[in-house]
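Student: just need the structure, nothing else, for what follows:
(chains A and B)
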Amino acid sequence: MNFVLELIVSIFLLIGGGFILVGSIGLMRLPDFMMRLHAPTKATTLGMGGLLIASMILFTLREPGHISVHELLITIFLFITAPVSAHMMAKTALHQKLKMISRTRGQELLDPASQQLAPPQTTEKVESPKA
Amino acid sequence: MLAKPRFRWLPMPYHSMLLFVTWLLLNNTVAPGHLVLGAFLALGIPMLTSGLSQPQPALHKPIKTARYALMVLGDIVTANLEVARQVLGPLDQLHPALIAMPLDIEGDLPITLLASTVSLTPGTVSSEVSQCRKFLYIHALTMTDEAELIATIKERYEKPLMEIFSC
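Tutor: Now for the predicted structure:
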């Protein structure tokens, strides 16, 4: 029983650690700020999930009759804070007009986005038939 | 506006329930002492703070909400696998893009939920909302077709959210 328990917990720990490692590798490898933002916001959510599941299993099954569920709170806080902090960082990057790598499409949107304006698509569509 | 609003014992029932459950989870126990203390906090805090709350659109469809939450959870797992694959694979095959998605959904809370969902799910991070609340700027890690991406987000996330808030 103890060996099986430890095996399951170790597997979850490895999965969690693996995803967090991938998130960090992405942070290092990807070329510009906006792309770097993707790796930690996504890979880390599942990584933390793995670690928290491991913790819940270990502390619930180690002592009979003792249930450990407060890890669920961490999960909920993580799901609330991860997108908000990613949004705030992306917003700041737009307002600072950080350079994106040259093959990024839609770079003309950087200007209206940084001023919280609507995109100039509607005017473009009016102009294009004239030309 | 009333000078002195009518006193109510349970001004925010859902918040009270949430506070009670959070208190028990934080202490990781169902001991009678904590049940009493949690109930006291769950009653007291909403009474003190209900005057500050802004009216928000109500959730009309609990079953649809639960299904939406489960679908988003599933999508988070696929998003993780997909992003992990893209991050470890060759980087010159990634085609990042900044797009503006027109919003049909209205209200601050529904837009916040949509933006958070977009950030948590495959390959997209919401980065800005236009001041008129009509456009959401999204950065995609890799995008093949702009119209297709917008259609997917609208169909998969915006439509159920609009049904949930019935707006």
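Student: count of neighbours near residue 112?
Tutor: I went with chain A, as the question did not name one. Residues contacting A:P112 under the criterion other Cβ atoms under 10 Å in any protein chain shown number 19. In short, each C-beta sits where N, CA and C put it, glycine included.
Student: my question was about chain B, not that one.
Tutor: 15.
Student: which stretch of helix or strand covers it?
Tutor: helix B:108-120 (DSSP states H and E).
Student: how distant is that helix from the center of its chain?
Tutor: 5 Å (Cα atoms, centre = their mean, to the nearest Å).
Student: quick one: buried residues of that helix?
Tutor: B:110-111, B:113-120 (16 or more other Cβ atoms under 10 Å in any protein chain shown).
Student: so which residues of the chain form helices?
Tutor: You didn't pick a chain, so chain A it is. A:2-29, A:33-62, A:71-95, A:110-114, A:121-130 (DSSP state H).
Student: the intended chain is chain B.
Tutor: B:13-27, B:32-49, B:62-88, B:108-120, B:146-153, B:159-165.
Student: so who does the residue nearest in space to the middle of chain B touch?
Tutor: The geometric centre of chain B, computed from its C-alpha atoms, lies nearest to B:L113 (Cα atoms, centre = their mean), at 3.2 Å. Counting by Cβ atoms under 8 Å, 6 or more residues apart in numbering or on different chains, B:L113 makes contact with B:L161.
Student: if I look at it, how far off is B:P160?
Tutor: Relative to B:P160, B:L113 is positioned 10 Å away (Cβ to Cβ, to the nearest Å).
Student: do B:L98 as well
Tutor: Following Cβ to Cβ, the distance that separates B:L98 from B:P160 is 25 Å.
Student: the two: who's more crowded?
Tutor: Neighbours were counted for B:L98 and for B:P160 using other Cβ under 10 Å; B:L98 has more, 24 against 18.
Student: what residue spans form the domains of chain B?
Tutor: Per automatic domain parsing, the domain ranges recorded for chain B read B:13-50, B:62-165.
Student: ranking these by burial, who's on top?
Tutor: Across those, averaging neighbours per residue (mean count of other Cβ atoms under 10 Å in any protein chain shown) puts domain B:62-165 on top, at a mean of 17.
Student: and that one, how far out from the chain's middle?
Tutor: The answer for domain B:62-165 is 12 Å, by Cα atoms, centre = their mean.
Student: per-residue pLDDT of the residue most central in space within chain A, please?
Tutor: Geometric centre of chain A, nearest residue: A:T41, 1.2 Å, by Cα atoms, centre = their mean. A:T41 carries a pLDDT value of 77.
Student: cool, A:E127 as well?
Tutor: 40.
Student: tell me where the model's unsure across chain A.
Tutor: A:1, A:65, A:121-131 (pLDDT under 70).
Student: same thing but at 80, please
Tutor: A:1, A:39-45, A:62-70, A:97-131 (pLDDT under 80).
Student: how far away is the residue nearest to the centre of chain B from A:A113?
Tutor: For B:L113, the distance to A:A113 - Cβ to Cβ - is 21 Å.
Student: the residue nearest to the centre of chain A - nearest residue in space that isn't next to it in sequence?
Tutor: Once flanking residues are discounted, A:T41 sits nearest to A:A86: 4.3 Å by Cβ to Cβ, 6 or more residues apart in numbering or on different chains.
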